[in-house]
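Student: Need coordinates for the following:
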Amino acid sequence: MDRDALSLLLKGADFLNLSLSPVTLSILNLYLVELQRWALVFNLVGQHNTTTVIQRHILDSLAISHLLPFRGFFVDLGSGAGFPGFILAALEPGRKFVLVEARRKRANFLREVARSSGIKNIIVREGRAESFSKQNGLVSEFDVVTTRATWNTSQFLEFSSPFLKVDGIALAMHGPRKGESTLMADSDCHALGFNLESTHDYSLPFGEGDRCALLFRKLA
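Tutor: Modelled structure (predicted):
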């Protein structure tokens, strides 16, 4: 990671009240190297320059870390290029992540960046979330399910429920709230087996805008 990118990442983390360990910085550096290498062939994110990736994607993923436990079994649905799952795993080695991604190129990228970075707390599974939710070893096994702007909230909860243990957390990342458009009625949440536990509005550093995260708890 060049000096400018490192400075940007550290300033952004400081804005979020996070401390990045040398191991985390090394993993994120190798992640950025691999992303730039793959960007020569495949379109993994909309804009691949390092500044944009750090400001819009890595820091957004880091911003929700404090909402989640530091340890446990996590699954990131529709992981794409690894947001937020890969980044949250890089931050906290006690988080054991399964990254579920249906698109082969992105799943292959995640496997390669996990291999090259040496990160040990990630498994990549290629396929659709609704298919994996029926497989032995994945049903009711997870403490936390995450996703970032992949489905609407009701779809996400429907896909999340089979993965989660009772009292597990489903966290959905969204853009800024417009009125109450990202929220669901309590009755709709309960019908899907969840309670909306909290709503978190937050701002990204460097003027990258506002975001919203919804935290749901699976009911017995």
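Student: List the contacts of the helix or strand of the chain with the lowest mean pLDDT.
Tutor: Ranking every helix and strand in the chain by mean pLDDT, DSSP states H and E puts helix 186-191 at the bottom, with a mean of 83. Here helix 186-191 makes contact (CB atoms under 8 Å, 6 or more residues apart in numbering) with 154, 157, 195-196, 216, 219. Backbone N, C-alpha and C define where each C-beta goes, glycine included.
Student: can you tell me which of the residues you listed lies nearest to residue 27?
Tutor: Comparing the contacts of helix 186-191 against residue 27 with CB to CB picks out residue 216 as the nearest, at 28.7 Å.
Student: now the helices for this structure?
Tutor: Taking DSSP state H, the helices of the chain run over residues 3-15, 22-39, 50-52, 59-63, 85-91, 104-117, 129-132, 153-160, 186-191.
Student: and of those, who's closest to residue 72?
Tutor: Among the helices of the chain, helix 85-91 comes nearest to residue 72, with 11.1 Å by CB to CB.
Student: what's in contact with the closest one?
Tutor: The contact list for helix 85-91, computed with CB under 8 Å, 6+ apart, reads 18, 20, 24, 27-28, 31, 57-58, 61-62, 64-65, 68, 74, 76, 79, 95-97, 99, 110, 113-114, 117, 119, 121-122, 146.
Student: Now which of those would you call buried?
Tutor: 18, 20, 24, 27-28, 31, 57-58, 61-62, 64-65, 68, 74, 76, 79, 95-97, 99, 110, 113-114, 117, 119, 122, 146 (16 or more other CB atoms under 10 Å).
Student: check contacts around the spatially most central residue of the chain.
Tutor: Centroid-nearest residue in the chain, with CA atoms, centre = their mean: residue 84, separated by 1.9 Å. By CB under 8 Å, 6+ apart, residue 84 lies in contact with 60-61, 64, 76, 146, 148, 173.
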